[in-house]
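# My questions concern the predicted model and sequence given below.
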Amino acid sequence: MHIYKYLYVPEGLQKKKENLIKKLKNGKLLPGVYLITLASTDQNQLDIFPACMRRQKNYPEELPLVVGLTKDFEDALEIVEGITQEVYNETKGADIRSYILEKEREG
């Protein structure tokens, strides 16, 4: 599992971030935790899904880059909104994938 080095998390999860990442990497079941990843298809920019979906038999073993981690869907939507605003402010565009991948390479 690849985690974005500038992982987006809400303030309330900052202290638990490292512990949650460790549990995710170890395949633990994390009910109520949502992942924000680069989209698995070219038609979208980001995907939001419950972390527990990774435990399903037919789910791909390797995830796209995880860029955000939240405790509920509403927080995930707020994080996506913040990412979108950040990308627009920095690039005056909306290519989230390119922006994130470029930051990942730079850092």
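Yep, that arrived. Numbering: from 1, shown residues only.
# can you give me the helices for the protein?
Along the chain, counting by DSSP state H, helices occupy 17-25, 73-91, 96-106.
# Can you give me the buried ones in the last one?
By neighbour count on 16 or more other Cβ atoms under 10 Å, the buried set for helix 96-106 is 96-97, 99-100, 103. Backbone N, C-alpha and C define where each C-beta goes, glycine included.
# Among the residues you listed, which one lies nearest to L24?
I100 (18.3 Å; Cβ to Cβ).
# Just to check, the closest one is in contact with L65?
Yes. Counting by Cβ atoms under 8 Å, I100 does reach L65; the two are 7.1 Å apart.
# before we move on, the earlier item: would you mind saying which of the helices of the chain lies nearest Q43?
helix 96-106 (11.6 Å).
# Flag the shaky bits of this protein, pLDDT-wise.
55-61, 107 (pLDDT under 70).
# residues touching the residue nearest to Y88 when sequence neighbours are not counted, list them.
Once flanking residues are discounted, Y88 sits nearest to A94: 6.3 Å by Cβ to Cβ, 6 or more residues apart in numbering. By Cβ atoms under 8 Å, 6 or more residues apart in numbering, the contact set of A94 is 45, 84, 87-88.
# Alright, calling it a day.
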